[in-house]
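**Q** predicted model and sequence follow; I will ask about them next.
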Amino acid sequence: MKKSLRNQLSLSILGIVLMTIAIISVLSNYFINKEFMHYVSRQQELKTQVITTSISNQYTVFTSHWNLDYIHAIGMSSLYEGYIIKVYDNENNVLWDAQSHDMRLCNQIMSQISSRMAISYPQLNGEFKATDYPLTLDGEVIGTVSISYFGPFFLNDNDFRFLHSLNIILIAIGLVSLLVSAIVGYILAKRISRPILMTVGVTKQIAAGNYEVRLKENSNTKELSMLVESINHLASSLEILEKLRKQLTEDVAHELRTPITILQSYLEAMSDGVWEPTNERLESCYEEVVRIGRLVGDLEKLAKIESDSLKLEKTRTDLMELVEKTADSLRVEAAGRKLEIRVEGPHVEILADRDRIRQVLVNLISNAIKYSKEAGTISLTVFETEDTVGFHVQDKGIGIPREELPYIFERFYRADKSRNRSTGGSGIGLTIAKSIVEAHDGKIMVESCSGEGSKFTVILPKE
Ligand code: ADP
């Protein structure tokens with residue numbers, strides 16, 4: 001059973017916070033306790049000093065008299081705080097003794113402290129110990145006080161209350177942070193998982209063939225927004241591909257229909273005996289078959305170029321030399337229509353697939369020959385700029401109507417259908433040229449005016 005991203009994220013955040021709280025609690029408990037014990041021990045030492053000094057101050061040197069009432073008051077208040085005292089004078093006579101004054105109260109206080117400390121600090125193994133401190137006045141020893149308290153340290157009511165509130169505050173902070181982290185974790189996990197879930201929904205729809213869907217919501221998170229963008233991009237690419245695929249099927253069907261209809265009607269008429277199978281009629285049928293063959297051949301070429309567009313075999317080539325050689329190979333065909341091919345421009349090097357660029361030249365020059373009037377000139381000009389090289393193929397032929405210009409690079413597009421049927425074009429030559437040029441990261445453009453001729457320009461990057 002796979003866990004959802006949202007649950008995993010929420011649980012992880014909660015887990016991290018729980019661990020942090022546990023570590024902070026253990027550490028703070030340990031250090032606070034340690035510091036507090038030191039503090040309490042110091043306070044106890046101070047207390048013994050206060051007791052000693054206040055008892056010493058109850059002695060009057062002139063009269064050698066002890067103020068026993070005050071000593072009693074000091075003794076009782078110390079007893080309630082957990083200090084059991086016994087005061088002697090210089091001759092070791094007992095002046096005041098807490099135990100002989102109120103044995104029951106002493107025992108009660110001692111057992112209360114012992115049991116409370118045994119419960120709170122079982123490892124401490126503490127006990128009541130008596131220590132003697134000399135009573136001095138103006139540098140002279142005037143007696144002794146024996147102070148007994150629970151050591152190494154003990155906590156009184158106030159101390160216990162303080163520690164208790166501290167613990168409650170720590171627990172409250174822990175619970176509040178846990179609650180806050182659970183809420184924040186939940187919201188965060190939801191914000192992260194929401195666009196992913198939506199993306200999954202959209203990709204499912206794309207997989208089912210619905211290419212028009214797009215993700216509208218975008219995330220603030222860079223990676224998630226990139227994911228959304230690439231899914232949208234994928235959907236639009238698939239949409240375009242699907243349109244092209246349908247278009248291609250329609251176009252191929254359309255292109256095949258005319259020759260097949262002609263063939264069918266001719267052959268039917270001949271086999272039904274309506275028409276004599278004369279040489280002329282058979283010749284017409286043959287021409288239609290050749291037309292179909294050429295169309296299929298062109299389609300194959302286009303498919304190959306489009307699928308191989310990434311496998312260009314680039315070599316350093318002298319563009320001028322390539323243009324001259326290609327022009328030479330087409331000069332006979334041009335001469336048949338009394339056309340002259342002129343080549344000019346500098347010798348420039350390009351890094352390109354030689355055969356493919358030659359194919360572009362052949363297609364453009366053949367078109368220039370096909371669509372030129374009898375007698376005239378076709379100019380091929382090589383040029384170079386700072387980071388590009390290219391060539392123009394210019395003719396003084398029939399030209400292309402302005403409104404047709406945007407479409408001539410599309411598959412099967414023929415500016416004038418009836419006119420082109422006679423020239424034998426299938427409308428794929430320019431599409432092939434454009435695919436090759438674009439595979440080289442170049443551009444192909446056309447300027448033309450009906451009746452005045454056309455100028456095709458190919459620009460390729462130097463590297
Ligand atoms: P085709 O095989 O029909 O020549 P192309 O793709 O090479 O197919 O050209 C598409 C159409 O563009 C042609 O049918 C023609 O109408 C027009 N065209 C191309 N080159 C020229 C040109 N040099 N002069 C006039 N029209 C042209």
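**A** Okay, I see it.
**Q** what ranges do the helices span in the chain?
**A** 5-56, 68-80, 98-101, 103-120, 157-207, 222-271, 279-307, 319-336, 354-370, 417-423, 429-439 (DSSP state H).
**Q** rank these by pLDDT, which is bottom?
**A** Lowest mean pLDDT within these: helix 417-423, at a mean of 50.
**Q** residue of the stretch 1-150 of the chain closest to the ligand, please.
**A** Taking C-beta to the nearest ligand atom, the ligand has its nearest neighbour within the stretch 1-150 of the chain at residue 5, 51.5 Å off. C-betas here are computed from N, CA, C, even on glycine.
**Q** got the helices of the chain as JSON lines, with distance to residue 137 and mean neighbour count columns?
**A** As requested, those are exported to JSON lines (distance: least, C-beta to C-beta, whole Å; neighbours: other C-beta atoms under 10 Å):
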{"stretch": "helix 5-56", "distance to residue 137": "5", "mean neighbour count": "14"}
{"stretch": "helix 68-80", "distance to residue 137": "14", "mean neighbour count": "16"}
{"stretch": "helix 98-101", "distance to residue 137": "22", "mean neighbour count": "16"}
{"stretch": "helix 103-120", "distance to residue 137": "28", "mean neighbour count": "14"}
{"stretch": "helix 157-207", "distance to residue 137": "32", "mean neighbour count": "14"}
{"stretch": "helix 222-271", "distance to residue 137": "80", "mean neighbour count": "14"}
{"stretch": "helix 279-307", "distance to residue 137": "113", "mean neighbour count": "14"}
{"stretch": "helix 319-336", "distance to residue 137": "118", "mean neighbour count": "16"}
{"stretch": "helix 354-370", "distance to residue 137": "117", "mean neighbour count": "21"}
{"stretch": "helix 417-423", "distance to residue 137": "132", "mean neighbour count": "12"}
{"stretch": "helix 429-439", "distance to residue 137": "110", "mean neighbour count": "21"}
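**Q** which of the ones you listed sits closest to residue 410?
**A** For residue 410, the closest of the helices of the chain is helix 429-439, at 6.6 Å, according to C-beta to C-beta.
**Q** need the residues that contact that closest one.
**A** The contact list for helix 429-439 (C-beta atoms under 8 Å, 6 or more residues apart in numbering) reads 298, 301-302, 305-306, 309-310, 312, 353, 356-357, 359-360, 363-364, 366-367, 408-411, 413, 443-444, 458, 460.
**Q** you'd agree the residue of the stretch 1-150 of the chain closest to the ligand is up against residue 194?
**A** No. Taking contacts as C-beta atoms under 8 Å, residue 5 lies outside contact range of residue 194: 10.0 Å.
**Q** ok, and of the contacts of helix 429-439, which contact the ligand?
**A** Among the contacts of helix 429-439, proximity to the ligand is found for 363, 367, 408, 413 (C-beta under 6 Å from any ligand atom).
**Q** quick check: closest non-adjacent residue to residue 234.
**A** Leaving out its chain neighbours, the residue that sits closest to residue 234 by C-beta to C-beta, 6 or more residues apart in numbering is residue 206, at 7.0 Å.
**Q** residue 244 versus that neighbour, what's the distance?
**A** Look at residue 206 and residue 244: by C-beta to C-beta, to the nearest Å, they are 17 Å apart.
**Q** do residue 289 as well
**A** 28 Å.
**Q** now swap in residue 70 and tell me
**A** Distance from residue 70 to residue 244, counting by C-beta to C-beta: 110 Å.
**Q** the nearest residue to residue 364 once chain neighbours are set aside pairs with what?
**A** Nearest-residue entry for residue 364: residue 393, 4.2 Å, with adjacent residues in sequence omitted and distances by C-beta to C-beta, 6+ apart. Taking DSSP bridges as the rule, residue 393 bridges to residue 380, residue 456.
**Q** point me to the residue of the stretch 151-300 of the chain nearest the ligand.
**A** Going by C-beta to the nearest ligand atom, the ligand is nearest to residue 298 of the stretch 151-300 of the chain, at 7.6 Å.
**Q** how about that residue: what's its closest non-neighbour residue?
**A** Once flanking residues are discounted, residue 298 sits nearest to residue 428: 4.1 Å by C-beta to C-beta, 6+ apart.
**Q** same thing with residue 277?
**A** In space, residue 277 is closest to residue 270, 4.6 Å off (C-beta to C-beta, 6+ apart).
**Q** didn't that neighbour look like it was pressed against residue 280?
**A** No. Between residue 270 and residue 280 there is no contact under C-beta under 8 Å: 11.9 Å.
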